[in-house]
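J.: When you get a sec, could you give me coordinates for this:
(one chain, ligands or ions: 1)
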Amino acid sequence: MEPKVNFMIERTLVILKPDCMQKNLAGTVMERFAKAGLSLIACKMMHLQESLLREHYDFLIDKPFFSNIVSYMMEYPVLILVLCGENAIAVARGLLGPTDSSTAPKGTIRGDFGQDKSRNVAHASDSQEAAAKEIARFFTTDEIFA
Ligand code: ADP
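T.: Numbering: from 1, shown residues only. I've put the predicted structure just below:
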């Protein structure tokens, strides 16, 4: 019998963070996603405000570094993307690599371009539930082209 290949067409939310934008790496990082077969279906540049960041990172609210994340994410405008493709959530997370850029393997986006646990180039949704919530947080349905 043929082995079953499990794949799903998914959407995921990616944020190119202030360090990525300040280093002018948006194109380089987006090319990695494109080469992995993920299509861009929505995109906007925003200077994020504290209230939206508190909502986006509410699961980290009790962490000692929470206020640092919020201030870092407000440092510079970010680029927010919705990507679509086969297993987009896992594919995007795999391309990013682990949270801590200083130990992320070379060849991953964070390993190649990030600095540390905080300045780590990009965010990508970690589950289907998070992706749906995060996409709705930043985009209306008529801003998504799919
Ligand atoms: P990921 O972005 O890999 O999914 P988390 O969801 O755990 O990681 O954390 C969200 C973001 O919070 C990270 O991308 C990073 O910017 C910041 N962060 C996480 N852990 C730390 C830490 N120990 N020190 C500073 N910032 C952190």
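
J.: in this structure, which segments are predicted with low confidence?
T.: Low-confidence segments of the chain (pLDDT under 70): 1-4.

J.: which parts of the chain sit against the ligand?
T.: Proximity of the chain to the ligand is confined to 60, 65, 68-69, 99, 117-118, 120, 123, 126 under the rule C-beta under 6 Å from any ligand atom. Backbone N, C-alpha and C define where each C-beta goes, glycine included.

J.: Could you rerun that using 5 Å?
T.: 65, 69, 99, 117-118 (C-beta under 5 Å from any ligand atom).

J.: Going by distance to Ala146, which of those wins?
T.: Closest approach between the residues of the chain next to the ligand and Ala146, by C-beta to C-beta: Thr99, at 28.6 Å.

J.: what sits against the closest one?
T.: Neighbouring residues of Thr99 by C-beta atoms under 8 Å, 6 or more residues apart in numbering: 110, 117, 120.

J.: For Glu61, the count of nearby residues, please.
T.: I think there's a mix-up here, since residue 61 is Ile and not Glu. When neighbours are counted by other C-beta atoms under 10 Å, Ile61 registers 10.

J.: In this structure it contacts Arg54, no?
T.: Yes: contact criterion C-beta atoms under 8 Å: Ile61 and Arg54 qualify, at 7.4 Å.

J.: What ranges does this structure have for its helices?
T.: Here the chain has its helices, by DSSP state H, at 18-22, 26-35, 50-56, 66-73, 88-96, 109-113, 128-138.

J.: Dump those to TSV, plus distance to Phe145.
T.: Converted to TSV, these look like this (distance: least, C-beta to C-beta, whole Å):
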stretch	distance to Phe145
helix 18-22	22
helix 26-35	15
helix 50-56	22
helix 66-73	26
helix 88-96	15
helix 109-113	24
helix 128-138	13
